[in-house]
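S.K.: I need the structure of the sequence given here:
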Amino acid sequence: MGEGIKSMFVELQDVYKIYGEGQESEVRALDGVSLTLDRGDFVAIVGQSGSGKSTMMNVLGCLDIPTYGTYLLDGVDVRSLEDDELSKIRNQQIGFIFQQYNLIGDLTVLENVELPLIYQGISGGKRLEMAQDALDRVGLGDRGRNRPSQLSGGQQQRVAIARAIAAKPPIIMADEPTGALDSTTGKEVMGFLRQFNKEGSTIILITHDNDIAAQARRTVRIFDGKIVDDQRQEVDWL
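M.R.: The predicted structure follows:
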């Protein structure tokens, strides 16, 4: 994860995401948001449904482009990039973890983890080694030949985590990663995120759960498309 982390820097400057602009039904999902994330940060973006937190995740993850404002990722203005450049950033700079796992049922666990490495053009032998290493890290090194349907929900989320970290991206973005899990398994998932953060990864955690947010180093609260609170907090796992 070395060199990418040192140069990674995230900054939103007066960002708006507007749907139906100028219409009676206009929605400002993001309404003038400014936010800077340090390298190696662990930030929880907290808000209820409809608050704008998912839109912020989509913008930060280069899945969507702001209507107005500037998003600088490692000093590059994301709005100036072409689709193929955005796709490259998503694949190489950001590892995504979603609430619903998004695993492909027809592929084995190992093949699921290999997917982002295939998109990067990594050769077969190296790809297999990286995918197996990622599975080992989440305690599923012996389940590579299984299908996702043969695993529990918690195990499937661990596969999704392995897929996110296989290419060692500088940023890990987790969208409600514990939302579909029981509390014990949820704690395991948060343990993995803390460990990756200790190793230098920047973690962006999207959640509605205050208890989950309290485990991050920093909490950013969003309401009606605006940041209403931004605080760093002492954590006991460093």
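S.K.: who touches the residue nearest to D209 when sequence neighbours are not counted in this structure?
M.R.: Of all residues not flanking D209 in the chain, T178 sits nearest, at 7.3 Å (C-beta to C-beta, 6 or more residues apart in numbering). C-beta: built from backbone N, CA, C; applies to glycine. Under the criterion of C-beta atoms under 8 Å, 6 or more residues apart in numbering, the contact list for T178 reads T185, G186, V189, M190, T207, D209, I212.
S.K.: likewise V10?
M.R.: Contacts of V10 (C-beta under 8 Å, 6+ apart): L35, T36, L37, L60, L72, L73, I171, T202.
S.K.: Now the residue nearest the centre of the chain: closest residue in space that isn't a chain neighbour?
M.R.: Nearest to the mean C-alpha position of the chain, counting by C-alpha atoms, centre = their mean, stands M173 at 1.0 Å. Spatial nearest neighbour of M173, chain neighbours left out: I204 (4.7 Å); criterion: C-beta to C-beta, 6+ apart.
S.K.: Please apply the same query to T67.
M.R.: The shortest distance from T67 to any non-neighbouring residue, by C-beta to C-beta, 6+ apart, is to I18 (4.5 Å).
S.K.: Now do the end-to-end distance for stretch 140-154.
M.R.: Distance across stretch 140-154, first residue to last, is 11 Å (C-alpha to C-alpha, to the nearest Å).
S.K.: Sorry, slip of the keys, the one I care about is stretch 37-45.
M.R.: 12 Å.
S.K.: And for it, what's in contact with it?
M.R.: Contacts with stretch 37-45, where a contact means C-beta under 8 Å, 6+ apart, come from 5-11, 53, 56-57, 170, 193-194, 197, 200-207, 212-220, 222.
S.K.: How about stretch 121-133?
M.R.: If you take C-beta under 8 Å, 6+ apart as the criterion, stretch 121-133 is touched by L110, V113, E114, L117, I118, G141, G144, A162, A166, A167.
S.K.: ranges for the strands of this structure?
M.R.: 10-19, 27-37, 42-46, 68-73, 76-77, 94-98, 171-175, 202-207, 218-223, 226-232 (DSSP state E).
S.K.: where does the protein have low pLDDT?
M.R.: Flagging of the chain using pLDDT under 70 yields the residue ranges 1-8, 237-238.
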